[in-house]
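Student: I would like to see how this sequence folds:
(chains A and B)
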Amino acid sequence: MFKHLDEYRDPALARRLLAEIAGVARGRWVIMEICGGHTHAIIRHGIDLLLPEQLELVHGPGCPVCVTPVGLIDKALALARRPGVVFTSFGDMLRVPGSRESLAQIRSRGGDVRPVYSPLEAVNLAAQNPDRQVVFFAVGFETTAPGNALAVQQAARLELTNFSLLVSHVLVPPAISALLAAPDNRIQAFLAPGHVCTVEGLEAYEAIAARYRVPMVPAGFEPVDILAALLLLVRQLEEGRAGVENEYRRSVRPEGNPAARRAVEQVFEVCDRNWRGLGEIPASGLRLRPEFAAFDAENKFELEGIEGREATMCISGAILRGEQKPPQCPAFGRECTPANPLGATMVSNEGACAAYMHRP
Amino acid sequence: MSSQIKPENFSCPSPAAADAGVQLAHGGGSRLAAELIEQTLVPAFADPVLSRLEDQAVLDSQLAPGERLAFTTDSFVVDPLFFPGGSIGELAVNGTVNDLAMGGARPLYLSVALIIEEGLPLEDLRRVVGAMGEAAAAAGVRVVTGDTKVVGRGSCDKIFINTSGIGAVPAGVELSAASLRPGDKIIISGTMADHGMAIMSCRQGLSFVEPLASDTAALHELTAAIMTAAGLPPQPEPTAGDHPRPALRAMRDPTRGGVAAVLTEMARASRAGIVIDEETLPVAAPVRGACEILGIDPLFVANEGKLLAVVAPEASGSVLRAMRAHPLGRRAAIIGEVGAENPGLVALRTPLGTHRIIDLPTGELLPRIC
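Tutor: All right, here's what the predicted structure looks like:
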């Protein structure tokens, strides 16, 4: 497996691709990597520093932790404070600040907040602790939705009445469309999210490429993957083409993963969602279908009237829209650091601000 | 004659069966406590001074002329108590031995204090203490004094162990994280992240074809070999004059926070820049796999049987050879260099030739979402 990965980290191959990109690129092009995993890899390997200067990479809103609205985080915090609740979440979510505090701070005061690696762990916790209410924070894009759907199906099969999800699922294609439809949009091509496309396939991306005339290339997460995808994008831009080309063939199939898609369709339905930094985007999220309402934490617990407030200095909205880079924020590295984050983009490994803290 | 009643003939058989747990009464002043100390704790360490059960250990000084004492303490908490490659017992002995050894000291004496949660199976306690005794014997260090407390359920997690250690530092050995100079080489004694990933995969129930095992080990023999190769302790010069600066600057064991934390501390203390090469960092294949799956950088993961040595360039070859000749240093490698640029910072050179700053982790290592 890792010999296989090493091929995609081969510095000699990476340098060849860089030289090819430099040879092809003539115009000035703005390319967005929508996925936080790509942002992390680009900064980690310093890929943006090696590109010809007329290519600009802008970082997109594809960090699930970063786009979860503050109001929903406040609902998570309200649940985690309740006696009798075990609040479970992926680890990155623990330090994200809500309006006043984070899950980690609630845990330090005795709240039962547990990081888990999989929603099925949360289902097991519910089965083992029938006298406690176990809530899982179902955050993420199309990649985490199948696992969360399976968790709900499993809880239904076990007839658990003490398991629920606080759902904040978001979908990538509507966010791309919203960015492209904005009147001041600068983005001319997209590095498409490799893992999301592995689950959902390429259909939605073909439609966007045709409608907005933008090249889109789903890519893997190693340096060679990213450079090969950028080369495909630059070629399309230079030749005036706009289509979907698949760099990540070892993982992405045009039809996606049918079993995963089926599980998601059985449990979730599309809904409007509010994105931190981007605002409300129609049909850009998932919520539980009515037949699974018993597993919806927002139904089960009284969470009405909780509304979040953003830190006023934080410009993470502009960063998530690709309008500004982290060092342009007056709070970057001063009031706002990974140890004391004002906004979610400083928390997650995949957040653009946290990634830029590692720049010499 | 009616038989006399002799109180000393009465006995109340201890109610504790072999599989019973530790009770609060094991902690203080009772017969149970005395039994625990005499039957379980003292025999595990088989030391004549400890066996006297006085309130203090009275020890012969083992210092040669010019030698100084090194003194260190560390507390150990780990979940699970037993993991592939060892247990909290080995960690508690090896960890303190290593803290002494990193200062160039010969480890001499240890103290052991146990804080036990009520209900811990006695069998687990015996295994932990047995592992400590074996680790101490293997390292040739004596456990000469100890203490046991039992706290109520929920007041600690199974067992917490504190060990303190005393060692002897030869004359002329002055190792310090503040003494790095531009040009010095950074050497690691072997693969990174074995211990931390073994613990993490235990907790997450991850299993691999090649199981991950902790690297817990006492490193004082390896540090002795490094010092010899670097010309330490210095031989007294027949003629008076300036002693050359020792070629060995510092040694540290990268436990919590991993290699990144130790290098960051050294860079800050020395106000020097450190550059490490990503391609030279040794990581065992299954550990690398576990790190990829959990989204964790091995640079930040704990080790319990590895060290980092900073050596003047002229001595780096001989030190590296000496390390590779020792069983605990077979995969030793030069991973970086001290420079004058970016004082106080650690930079990592990627295989593509770009640099990124390695900083201390913000908090606990947490898995990423996708």
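Student: Going by C-alpha atoms from here, please, whenever you check contacts or count neighbours.
Tutor: Noted.
Student: And the most centrally placed residue in chain B, how close does it get to chain A?
Tutor: In chain B, the C-alpha nearest the mean C-alpha coordinate belongs to residue B:95, at 1.8 Å (Cα atoms, centre = their mean). To chain A, residue B:95 is 28 Å away according to Cα to the nearest Cα, to the nearest Å.
Student: can you confirm that residue is in a helix?
Tutor: Yes. When DSSP: H, G, I helix; E, B strand; the rest coil is applied, residue B:95 is found to be in a helix.
Student: For it, list the residues it contacts.
Tutor: Neighbouring residues of residue B:95 by Cα atoms under 8 Å, 6 or more residues apart in numbering or on different chains: B:74, B:218, B:304.
Student: confidence score at the residue of the stretch 251-360 of chain A found nearest chain B?
Tutor: Using Cα to the nearest Cα, the single residue of the stretch 251-360 of chain A nearest to chain B is residue A:358, 4.6 Å away. At residue A:358, the model reports a pLDDT of 79.
Student: swap in residue A:4?
Tutor: Residue A:4 is assigned a predicted lDDT (pLDDT) of 66.
Student: got it, and the one 4 residues further on?
Tutor: According to the model's per-residue confidence, residue A:8 sits at a pLDDT of 90.
Student: what does the one 4 residues further on give?
Tutor: Looking at residue A:12, its pLDDT is 95.
Student: Grab the nearest non-local neighbour of residue A:226.
Tutor: residue A:219 (6.0 Å; Cα to Cα, 6 or more residues apart in numbering or on different chains).
Student: who in the stretch 101-250 of chain A is up against chain B?
Tutor: For the stretch 101-250 of chain A, the residues in contact with chain B (Cα under 8 Å from any Cα of the partner chain) are A:115, A:117, A:140, A:143-144.
Student: Mind splitting chain B into its structural domains?
Tutor: As given by automatic domain parsing, the domain ranges for chain B are B:29-169, B:185-232+B:246-358.
Student: before we move on, back to that, count of neighbours near the residue of the stretch 251-360 of chain A closest to chain B?
Tutor: Residue A:358: 17 surrounding residues under other Cα atoms under 10 Å in any protein chain shown.
Student: what about it, is that helix, strand or coil?
Tutor: What three-state DSSP gives for residue A:358 is coil.
Student: sorry, back to before: deepest in the core, which of the domains of chain B is it.
Tutor: domain B:185-232+B:246-358 (a mean of 21; mean count of other Cα atoms under 10 Å in any protein chain shown).
Student: That one and chain A, are they touching?
Tutor: Yes. Using Cα under 8 Å from any Cα, domain B:185-232+B:246-358 reaches chain A at B:204, B:285, B:289, B:347, B:350-352, B:354-358.
Student: For that domain, the averaged confidence score.
Tutor: 94.
Student: Distance from it to the middle of the chain?
Tutor: With Cα atoms, centre = their mean, to the nearest Å as the basis, domain B:185-232+B:246-358 stands 14 Å off its chain's centre.
Student: From one end of that domain to the other, what's the distance?
Tutor: 18 Å (Cα to Cα, to the nearest Å).
Student: returning to that earlier point: now, among the residues of the stretch 101-250 of chain A next to chain B, which is nearest to residue A:252?
Tutor: Using Cα to Cα, residue A:143 comes nearest to residue A:252 of these, at 12.4 Å.
Student: what's around the closest one, how many residues?
Tutor: Residue A:143: 21 neighbours (other Cα under 10 Å).
Student: Same check on residue A:83?
Tutor: Should you count by other Cα under 10 Å, residue A:83 turns out to have 12 residues around it.
Student: That one: what's it in contact with?
Tutor: Here residue A:83 is in contact with residue A:111 (Cα under 8 Å, 6+ apart).
Student: Between the domains of chain B, which one is closest to residue A:32.
Tutor: Using Cα to Cα, these put domain B:185-232+B:246-358 closest to residue A:32, at 21.1 Å.
Student: Reformat the residues of domain B:185-232+B:246-358 next to chain A as CSV; add secondary structure and distance to residue A:55.
Tutor: Listed next are the residues of domain B:185-232+B:246-358 next to chain A as CSV, based on DSSP: H, G, I helix; E, B strand; the rest coil; distance: Cα to Cα, whole Å:
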residue, secondary structure, distance to residue A:55
B:204, helix, 42
B:285, helix, 36
B:289, helix, 34
B:347, strand, 26
B:350, coil, 21
B:351, coil, 22
B:352, coil, 18
B:354, coil, 18
B:355, strand, 20
B:356, strand, 21
B:357, strand, 24
B:358, strand, 27
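Student: Next, format the residues you listed as CSV and append distance to residue B:315.
Tutor: Output for the residues of domain B:185-232+B:246-358 next to chain A, formatted as CSV (distance: Cα to Cα, whole Å):
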residue, distance to residue B:315
B:204, 43
B:285, 30
B:289, 34
B:347, 23
B:350, 26
B:351, 27
B:352, 29
B:354, 29
B:355, 27
B:356, 28
B:357, 28
B:358, 27
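Student: Between those residues, which sits nearest residue A:247?
Tutor: Once Cα to Cα is applied, the member of the residues of domain B:185-232+B:246-358 next to chain A that ends up nearest residue A:247 is residue B:352, at 20.4 Å.
Student: wait, doesn't that closest one sit right on residue A:14?
Tutor: Yes. Judged on Cα atoms under 8 Å, residue B:352 makes contact with residue A:14 at a distance of 7.5 Å.
Student: ok, back up a step: give me the beta-bridge partners of the closest residue to the residue of the stretch 251-360 of chain A closest to chain B other than its chain neighbours?
Tutor: Distances taken as Cα to Cα, 6+ apart place residue B:357 nearest to residue A:358, at 4.6 Å, with adjacent residues excluded. Beta bridges link residue B:357 to residue B:347, judged by DSSP bridges.
Student: circling back: mind listing what the residue of the stretch 251-360 of chain A closest to chain B touches?
Tutor: Applying Cα under 8 Å, 6+ apart to residue A:358 gives the contacts A:43-44, B:356-359.
Student: Same list (these) but as CSV, adding distance to residue A:162.
Tutor: CSV is the format used below for the contacts of residue A:358 (distance: Cα to Cα, whole Å):
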residue, distance to residue A:162
A:43, 42
A:44, 41
B:356, 45
B:357, 45
B:358, 43
B:359, 41
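Student: Spatially, which two of these are the most separated?
Tutor: With Cα to Cα as the measure, no two of the contacts of residue A:358 lie farther apart than A:43 and B:359, at 14.6 Å.
Student: These two: which is more packed in?
Tutor: Using other Cα under 10 Å as the criterion, residue A:43 and residue B:359 rank with residue A:43 on top: 21 against 17.
Student: Cool, thanks, signing off.
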